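Visitor: Give the three-dimensional model of this entry:
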Amino acid sequence: MKLLASTTLALASLLLTTQAFAERPDFSKTAAARADYRFADNPGAKQNLVPQSSSRHDFSKTTAANSEYRFADNPPADETEPASRSTQHDFSRTQAASKQS
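Guide: Down below sits the predicted model:
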């Protein structure tokens, strides 16, 4: 029983380590990675076509479309001011900038 358990554990660890160290594909070597590759020239997919529904939503079926709906009865929105955020980022404080110095 111990031999079976140790063999099973050894095989499981071997399979897991080979998956962990498996070579990952380098997509930069594919034809699509070239700068002059035209994606528009790709043939269209012929399988797994999902029918597209209309992109328009029929708002006439919503509750608010009812002529008796009273918008004044809606609860007011919380009027909290968002924290002001800077749109500028100081890249001089990054690790990459400190390594260049």
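
Visitor: all strands of this protein, in order?
Guide: Counting by DSSP state E, the chain has no strands to list.

Visitor: which stretches of it form helices?
Guide: Using DSSP state H, the helices found in the chain span residues 2-20, 95-100.

Visitor: for the last one, what is the average pLDDT?
Guide: Pointing back at helix 95-100 there. Per-region confidence: helix 95-100 scores 73 on mean pLDDT.

Visitor: Also the longest one?
Guide: In this model, helix 2-20 has a mean pLDDT of 77.

Visitor: ok, back up a step: now distance to residue 74 and mean neighbour count too, for the helices of the chain, in a markdown table please.
Guide: In short, each C-beta sits where N, CA and C put it, glycine included. Putting the helices of the chain into a markdown table (distance: least, CB to CB, whole Å; neighbours: other CB atoms under 10 Å) gives the following:
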| stretch | distance to residue 74 | mean neighbour count |
| --- | --- | --- |
| helix 2-20 | 54 | 9 |
| helix 95-100 | 49 | 8 |
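
Visitor: With distance to residue 30 added, can I get the ones you listed in a markdown table?
Guide: Below are those laid out as a markdown table (distance: least, CB to CB, whole Å):
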| stretch | distance to residue 30 |
| --- | --- |
| helix 2-20 | 23 |
| helix 95-100 | 28 |
